[in-house]
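Chemist: Any chance you could fold what I've pasted below:
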Amino acid sequence: MTAPLDLDPGTTALVLVDLQAGVLGMPLAPLSGDEVAAAARELAARARLAGVPVVLVTVAFPGSGGPAVDASGPPMPEVQPPGWDQIVEGVAEEGDLRVVKAGWGAFSSTGLEALLRERGIETIVLAGVATNFGVEGTAREAAARGFGVVVVSDATSSVSAAHHDFSLTQILPGISRVRTAAEVVRGLGRPRRDRPGAGGLPDPFPRRTSSCLKPA
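Modeler: A predicted model of the protein is given here:
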């Protein structure tokens, strides 16, 4: 049984990884790109109501070259298609922070750490794609820099359910707390009713379960 979350909205940020058209348009499991986007929209809306900053991380279109690896990634077009790097509709809002990364993790090739430090952030809540690449890579980098990390199990997905499940059950619990979106929302407390738009979201948060994890 996992311990309940107690997240301070003043020191917490929501970091959404690679929710862009060119990534979510690829085959994903156990959740489709549309399902991940829907979960991220709800999570971001709840975070904003609680006064939690939302960070949108996208990955630059991969160029040719790079180090040799044994397992190649998904096939990519020769040139960047129009709209490939655009955040999917309904996720971004004015005032969100934007970061463009060059690799798996969102810290090593960006100014994300400085953005978080100057806002007094101590814990990041992570969601997006892919569970065992961009999300896990960012979690590893955050933990190495002393940030607390929460990974949202039902707002992430990968190239296969096996990749997703292995990361959530075997890797991420050692460097983060793995929780559902409903648990994260409860951990942030009640929405601040003095903020515009408060009260317009359904309650409770819709539950989505991983193929290997169930809500506590």
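
Chemist: going forward, measure contacts and count neighbours with C-alpha atoms only.
Modeler: OK.

Chemist: Could you list every helix and strand in contact with the longest helix along the chain?
Modeler: Criterion DSSP state H: the longest helix present in the chain is helix 33-49. Using 3 or more CA pairs under 8 Å, 6 or more residues apart in numbering; DSSP states H and E, the elements in contact with helix 33-49 are strand 12-17, helix 21-24, strand 54-59, strand 123-129, strand 148-157, helix 181-188.

Chemist: Least reliable of those by average pLDDT, please.
Modeler: Of all the helices and strands packed on helix 33-49, mean pLDDT reaches its minimum on helix 21-24 (a mean of 90).

Chemist: Looking at the helices and strands packed on helix 33-49, which is nearest to A39?
Modeler: Closest approach to A39 among those (CA to CA): strand 148-157, 5.4 Å.

Chemist: Okay, now the sheet partners of the closest one, with direction.
Modeler: Here strand 148-157 is paired, per DSSP bridges, with strand 123-129 (parallel), strand 177-179 (parallel).

Chemist: Output the next helix-or-strand element following that strand as PDB, restricted to C-alpha atoms.
Modeler: Once strand 148-157 ends, the next helix or strand along the chain (criterion: DSSP states H and E) is helix 161-166. The C-alpha coordinates for helix 161-166 follow below in PDB (Å, rounded to 0.1, in the frame of the first residue of the first chain):
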ATOM      1  CA  ALA A 161       2.600  -1.900 -22.600                       C
ATOM      2  CA  ALA A 162       5.600  -4.000 -21.700                       C
ATOM      3  CA  HIS A 163       8.000  -1.000 -21.800                       C
ATOM      4  CA  HIS A 164       5.500   1.100 -19.900                       C
ATOM      5  CA  ASP A 165       4.900  -1.500 -17.200                       C
ATOM      6  CA  PHE A 166       8.600  -2.300 -16.600                       C
END
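
Chemist: May I see the buried residues of helix 161-166?
Modeler: Of the residues in helix 161-166, 161, 163-165 count as buried by neighbour count, 16 or more other CA atoms under 10 Å.

Chemist: That helix: how far from the chain's middle?
Modeler: Averaging C-alpha positions (CA atoms, centre = their mean, to the nearest Å) puts helix 161-166 16 Å from its chain's average.

Chemist: what about it, average pLDDT?
Modeler: 96.

Chemist: other SSEs contacting it?
Modeler: Packed against helix 161-166, as judged by 3+ CA pairs under 8 Å, 6+ apart, are no other helices or strands.

Chemist: what's across from the residue most central in space within the chain in the sheet?
Modeler: Nearest to the mean C-alpha position of the chain, by CA atoms, centre = their mean, lies A127 at 2.0 Å. Assessed by DSSP bridges, A127 has beta-bridge partners L16.

Chemist: separation between it and D70?
Modeler: 27 Å (CA to CA, to the nearest Å).
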